[in-house]
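Novice: Structure here, sequence nowhere to be found:
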């Protein structure tokens, strides 16, 4: 038999890191993607507010989450850095069987190796 069996009966999580320079519209694009993934594809979507650098970034992503009617994992007392937020969001996404995790990152160019390595 050539039919491979799935490794798990659980859903496969798809994770998208949204990267780009400052002011390119990453957060807005995430909001619009979240809306389309939920409304048009019936996906269960989680947003990760990993841009802990820009003032207002977390609140902006939370607002987009409300508009799209999707959950947003944001910094709190125990998860306040980008890495901690991402780990928390991944844990929530896996545990609660989300289809898609959209990760909002702070502005950076992909050719800046040091900043990209942080991800």
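Specialist: Thanks, I have it. Small disclaimer: the values here were computed from a predicted structure and weren't measured.
Novice: pLDDT on the strand or helix carrying residue 46, on average?
Specialist: In this assignment (DSSP states H and E), residue 46 forms part of strand 45-49. Strand 45-49 shows a mean pLDDT of 97.
Novice: now do stretch 58-67
Specialist: Stretch 58-67 comes out at a mean pLDDT of 96.
Novice: Run a quick neighbour tally on residue 71.
Specialist: 19 (other Cβ atoms under 10 Å). From N, CA and C alone the C-beta is placed, and that goes for glycine too.
Novice: Who is the residue nearest to it when sequence neighbours are not counted paired with across the strands?
Specialist: Spatially, and ignoring its direct neighbours in sequence, residue 71 is nearest to residue 46 (5.2 Å; Cβ to Cβ, 6 or more residues apart in numbering). For residue 46, the beta-bridge partners are residue 71, residue 101 (DSSP bridges).
Novice: Can you give me every residue that contacts the closest residue in space to residue 35 that isn't next to it in sequence?
Specialist: Nearest non-adjacent residue to residue 35, counting by Cβ to Cβ, 6+ apart: residue 68, 4.0 Å away. Shown in contact with residue 68 (Cβ atoms under 8 Å, 6 or more residues apart in numbering): 31, 34-35, 38-39, 45.
Novice: need the contact list for the residue nearest to residue 71.
Specialist: With Cβ under 8 Å, 6+ apart, residue 46 has these contacts: 70-73, 89, 92-93, 96, 98, 100-102.
Novice: so which of the contacts of residue 68 comes closest to residue 55?
Specialist: Taking Cβ to Cβ as the measure, residue 55 sits nearest to residue 31 out of the contacts of residue 68, at 18.1 Å.
Novice: Nothing else from me, thank you.
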